[in-house]
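Trainee: Need a 3D model of the following:
(one chain, ligands or ions: 1)
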Amino acid sequence: MKAWEKNIRKVVPYVPGEQPQLEKMIKLNTNENPYPPSPKVMETRDKIENLRLYPDPMVSKLVNAIAGYHGLEPEQVFVGVGSDDVLAMAFLTFFNSEKPILFPDITYSFYDVWAELYKIPYKQPELDENFRIRKEDYMEENGGVIFPNPNAPTGVYENLDFIESILKANQDVIVIIDEAYIDFGGTSALELLPKYENLLVVRTFSKSRSMAGMRIGYAMGNKELIQALNVVKHSYNSYTMNQPSICMGVASIEDEEYFKDKVEKIIATREQFKKDLAELGFSFPDSKSNFVFATHKTAKAKDIFEAAKKEGIFLRYFNQPKIDNYLRISIGTEEEMKALVAFFKSYLNQ
Ligand SMILES: *Cc1c(COP(=O)(O)O)cnc(C)c1O
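Mentor: As a prediction, this is how the structure comes out:
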């Protein structure tokens, strides 16, 4: 080993789902929205100008639009390049204790990567046998709490009473609720913001707003928390969010009707797909997200995953303890889900 090698930061990076570049495929592996963003977003594209200038470092237009949408003040909103950027910034800003931060053993697999990257001590309490968070595990001393609601990759949603009991027990640390999937049927923790100054709610445009390619995420919380995030961001890189993303993000917020229509469609498709899955011999925790986390009574998840891929159908498989016989299946269009069900039928000889 060369002397300088010991000074290199060692991290095992997050492994994102495959992004195959095929003309024809059914892509249900990364929870993207199967529908395009609002036509208003695409119209905005032609109005983008002044790319020679730096974008607004405060991202004011988008911050104002998001604040207005949620009935908050602009000082309560922080915008970043996808919620991954927002979350990474939040880890750096809020998790600076000697005590471990807490998040579930089965959850978004970026959390432990950021904790390792920033050398934040952490503990991962086990989900129960129904993939539910045991709230007692979050009542011990800690340096902060984070989990998604609904959780990923399980799709399991916990109600506001549950979230509030965790907040109540953790008023000395920051509690982050990652609401990447909340638009697909859950109630947001946003209404707890006036009561808990230590709550940060994080959202993304990648799933329900069909804009994964634009990279827009945001956090909402009390002004002090948002100010703290801005201080860290502006100590790192002021111009993270590009001008097209700012304009197109605003356009998405402005088209509420389109947004609602597509979310409802995905929910309806999901409910039908749950019925089809059950008939095929799959079981799954109830999902309030745009994916279902399913296991089959006889067929092995890994085998199904590989057979589907050969047919151009991409699903997500996690080769890790406890969930290695599960598939995470994103909700696509009705046609895509029908094609998937047809594939399952033939694969399972039903
Ligand atoms: C998709 C996802 C994110 C990241 O979303 P981006 O805004 O695309 O970076 C964060 N948290 C969870 C739980 C997710 O599923």
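Trainee: What count of nearby residues applies to whichever residue of the stretch 251-350 of the chain sits closest to the ligand?
Mentor: When you check the stretch 251-350 of the chain against the ligand by C-beta to the nearest ligand atom, the closest residue turns out to be S289, at 8.2 Å. (C-beta placed from N, C-alpha, C; glycine too.) Other residues within reach of S289, judged by other C-beta atoms under 10 Å, total 32.
Trainee: contacting residues for the nearest residue to it once chain neighbours are set aside?
Mentor: The shortest distance from S289 to any residue that is not its chain neighbour, by C-beta to C-beta, 6 or more residues apart in numbering, is 3.6 Å, and that residue is Y181. Contact analysis of Y181 by C-beta atoms under 8 Å, 6 or more residues apart in numbering lists 31, 148, 150, 152, 155, 207-208, 288-291.
Trainee: Ok, E18 next?
Mentor: Counting by C-beta under 8 Å, 6+ apart, E18 makes contact with 29-30, 314.
Trainee: ranges for the strands of this protein?
Mentor: Per DSSP state E, the chain has strands spanning 26-27, 77-80, 101-102, 122-123, 144-148, 175-178, 199-204, 217-220, 282-283, 291-296, 313-314, 316-317, 327-330. These are given in chain order.
Trainee: helices or strands up against the lowest-mean-pLDDT helix or strand in the chain?
Mentor: In the chain, no helix or strand scores lower on mean pLDDT, DSSP states H and E than helix 39-45, which sits at a mean of 93. Contacts of helix 39-45 with other secondary structure elements, assessed using 3 or more C-beta pairs under 8 Å, 6 or more residues apart in numbering; DSSP states H and E, are made with helix 243-254.
Trainee: Say whether the ligand is contacted by the helix it packs on.
Mentor: No. Against the ligand, helix 243-254 shows no contacts by C-beta under 6 Å from any ligand atom, the least distance being 11.5 Å.
Trainee: And for stretch 60-73?
Mentor: No. Where contact is defined by C-beta under 6 Å from any ligand atom, no part of stretch 60-73 touches the ligand; the two come within 13.4 Å at best.
Trainee: Could you do stretch 82-96 as well?
Mentor: Yes. Judged by C-beta under 6 Å from any ligand atom, stretch 82-96 comes into contact with the ligand at 82-84.
Trainee: May I have the residues that are in contact with the residue positioned nearest the centre of the chain?
Mentor: The residue at the geometric middle of the chain, judged as the C-alpha nearest the mean C-alpha position with C-alpha atoms, centre = their mean, is A180 (3.5 Å). Contacts for A180 (C-beta under 8 Å, 6+ apart) come out as 83, 108, 148, 152, 202-204, 206-207.
Trainee: How far away from the center of its chain is the lengthiest helix in the chain?
Mentor: For the chain, the helix with the greatest residue count under DSSP state H is helix 256-279. Relative to the centre of its chain, helix 256-279 is centred 18 Å away, using C-alpha atoms, centre = their mean, to the nearest Å.
Trainee: who touches it?
Mentor: With C-beta under 8 Å, 6+ apart as the contact definition, helix 256-279 has outside contacts at 33-35, 38-40, 183-185, 208-210, 252, 284, 286-287, 290, 292, 294, 329, 331-334, 337, 341.
Trainee: Could you pull out the buried residues of it?
Mentor: Judged by neighbour count (16 or more other C-beta atoms under 10 Å), helix 256-279 contains these buried residues: 258-259, 262-263, 266-267, 269-270, 273-274, 277.
Trainee: Would you mind splitting the chain into its domains for me?
Mentor: If the domains of the chain are taken from automatic domain parsing, they occupy 16-36+257-348, 39-254, with pieces of a single domain joined by a plus sign.
Trainee: So what would you say the end-to-end distance of the longest one is?
Mentor: When you say that, I think you mean domain 39-254. The straight-line separation of the ends of domain 39-254 (C-alpha to C-alpha, to the nearest Å) is 11 Å.
Trainee: ditto for stretch 21-31
Mentor: Across its full length, stretch 21-31 reaches 17 Å end to end, with C-alpha to C-alpha as the criterion.
Trainee: about what we covered before: biggest separation within the buried residues of helix 256-279, which pair?
Mentor: By the measure C-beta to C-beta, the buried residues of helix 256-279 have their two most distant members at Y258 and L277, which lie 28.3 Å apart.
Trainee: Now do P36: how many residues are near it, please.
Mentor: P36 has 12 neighbours, counted by other C-beta under 10 Å.
Trainee: now Y236
Mentor: Y236 has 11 neighbouring residues, counting by other C-beta under 10 Å.
Trainee: Skipping its backbone neighbours, what lies nearest it in space?
Mentor: M89 (7.7 Å).
Trainee: Give me the below-cutoff pLDDT ranges for the stretch 151-300 of the chain.
Mentor: Residues of the stretch 151-300 of the chain that meet the criterion pLDDT under 70 are absent altogether.
Trainee: before we move on, back to that, wait, which of the domains of the chain is closest to N7?
Mentor: Closest to N7 of these, according to C-beta to C-beta: domain 39-254, at 14.1 Å.
Trainee: returning to that earlier point: output the residues of stretch 82-96 next to the ligand as CSV; include the columns distance to T93, pLDDT and neighbour count.
Mentor: CSV is the format used below for the residues of stretch 82-96 next to the ligand (distance: C-beta to C-beta, whole Å; pLDDT from 0 to 100; neighbours: other C-beta atoms under 10 Å):
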residue, distance to T93, pLDDT, neighbour count
G82, 17, 97, 21
S83, 14, 97, 26
D84, 15, 97, 20
